[in-house]
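Asker: Structure for the following, please:
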Amino acid sequence: RALTAATVAAALEADAPVQCTGDARDAAVDRIAEALGAAPAGADRGLLLRALKGPAMRAGSRIAVRRRRALTDAAHPAAGDILRYLARGEGARRGLRDQIAAQEPPVVLLGHSLGGIMALDTLVLDPQPGVELLITVGSQGPFLYETGALPSLAHPAPLPAHVPDWLNLYDPRDLLGYLGAPLFPGRVADIAADSRQPFPVAHSAYWDNPDVYRAIAARLP
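Answerer: You can find the predicted model right below:
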C-alpha cells in the first residue's frame with residue numbers, strides 16, 4: 001500500500017495524476033504484496049489495517065497540513081475558472097443557450113464542476129422548455145447558492161418551478177462536490193458515486209466510475 005501510494009503521490013507531484021480506479025489500485029496493491037511474500041488478503045491483514053487506522057489518520061492530517069500548497073495548487077485550475085465565471089459569466093451562458101437552441105428536444109444538460117454551475121445558472125435565469133433534465137457532477141452550485149455567490153439565485157430563495165428535474169452526482173471524497181437536496185428539498189436527487197480516490201484526483205475520477213454511468217442511464221428520458 002505504501003509503495004502504491006508513493007507512486008500515485010509522485011505522479012501528483014509531477015503534475016501527471018494517475019487516474020486509475022479504486023479497484024485497479026487495490027489490485028496493484030495485492031499483486032505487489034504477493035510478489036513481496038505477504039500473506040494473502042484476509043483476517044490478519046484486516047486486523048492490522050484496523051489497528052493502524054487511527055495513527056494513519058492522524059499522520060495523514062499532518063501530511064495534508066504540510067502539503068497544503070500542493071493541494072491548493074492542484075485545486076487551483078478549477079477554482080480559478082469558477083472565479084472568472086462568477087465575475088464575467090454572461091458570455092458562457094449565452095453560448096450554452098445557443099447550444100441548447102440548436103438541439104432537438106428533449107435536451108439533457110450534463111455539466112461537471114464549473115459546467116454544472118453554468119448549466120444551473122442558465123436554467124434559473126432563462127427558462128429552457130426543451131431541457132428535460134439537468135445532471136451535475138462534482139458541482140459547486142449548491143455551495144455557491146448557500147453562500148450567496150450564485151449569480152442567478154440568492155439564498156434562501158427557492159429553486160424556480162421552471163428548472164427541470166435535477167440529478168446531482170457527488171463523490172464523498174471530492175471536496176469540490178456538494179449536495180443539493182438539503183438546500184432544495186424535493187427538487188434535487190443526490191447520488192453518491194464513490195471512486196475511492198483521494199482528493200484532488202477524486203474530482204476528475206467520476207468518468208472512470210461505472211456507478212456514474214448507471215445513475216445517468218437510469219434517468220435519461
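Asker: contacts and neighbour counts: CA atoms only from here.
Answerer: Will do.
Asker: what about the residue of the chain most remote from its centre, distance to R31?
Answerer: Within the chain, G37 marks the point farthest from the mean C-alpha position, 37.0 Å out by CA atoms, centre = their mean. Separation of G37 from R31 (CA to CA, to the nearest Å): 10 Å.
Asker: quick one: common contacting residues for these two?
Answerer: Shared contacts of G37 and R31, defined by CA atoms under 8 Å, 6 or more residues apart in numbering, are absent.
Asker: separation between the residue nearest the centre of the chain and G180?
Answerer: Using CA atoms, centre = their mean, the residue of the chain that lies closest to the mean C-alpha position is G138, 2.7 Å off. Shown here: G138 relative to G180, a distance of 11 Å by CA to CA.
Asker: What are the boundaries of the helices in the protein?
Answerer: For the chain, the helices defined by DSSP state H cover 2-13, 22-35, 43-66, 68-87, 90-101, 114-125, 141-146, 210-219.
Asker: residue contacts, the residue nearest to the centre of the chain?
Answerer: Here G138 is in contact with H112, S113, G116, N168, L169, Y170, D171, D174, L176, G177, Y178, H203 (CA under 8 Å, 6+ apart).
Asker: residues contacting the residue lying closest to it once chain neighbours are set aside?
Answerer: Spatial nearest neighbour of G138, chain neighbours left out: G177 (4.0 Å); criterion: CA to CA, 6 or more residues apart in numbering. Applying CA under 8 Å, 6+ apart, we find G177 in contact with S113, V137, G138, S139, Q140, Y170, D171, H203.
Asker: give me that answer again for 10 Å
Answerer: Neighbouring residues of G177 by CA atoms under 10 Å, 6 or more residues apart in numbering: 112-113, 136-143, 168-171, 202-203.
Asker: burial measure for A27, as a count.
Answerer: A27 has 12 neighbouring residues, counting by other CA atoms under 10 Å.
Asker: A33 versus that one, what's the distance?
Answerer: 10 Å.
Asker: Equivalent analysis for A119, please.
Answerer: For A119 relative to A33 (CA to CA), the value is 45 Å.
Asker: more crowded one of those two?
Answerer: Legend: neighbour count by other CA under 10 Å for A119 and A33, higher for A119 (22 against 16).
Asker: Contacts only, for R196.
Answerer: Applying CA under 10 Å, 6+ apart to R196 gives the contacts T21, G22, D23, R25, D26, D171, P172, R173, D174, A202, A205, N209.
Asker: my read: P172 touches P200, true?
Answerer: No: P172 lies out of contact with P200 (CA atoms under 10 Å); the separation is 11.9 Å.
Asker: follow-up on the earlier one: overlap in contacts of G138 and G180?
Answerer: When contacts are counted by CA under 10 Å, 6+ apart, G138 and G180 are jointly contacted by N168, L169, Y170.
Asker: So which of those wins on neighbours?
Answerer: N168 (29 neighbours).
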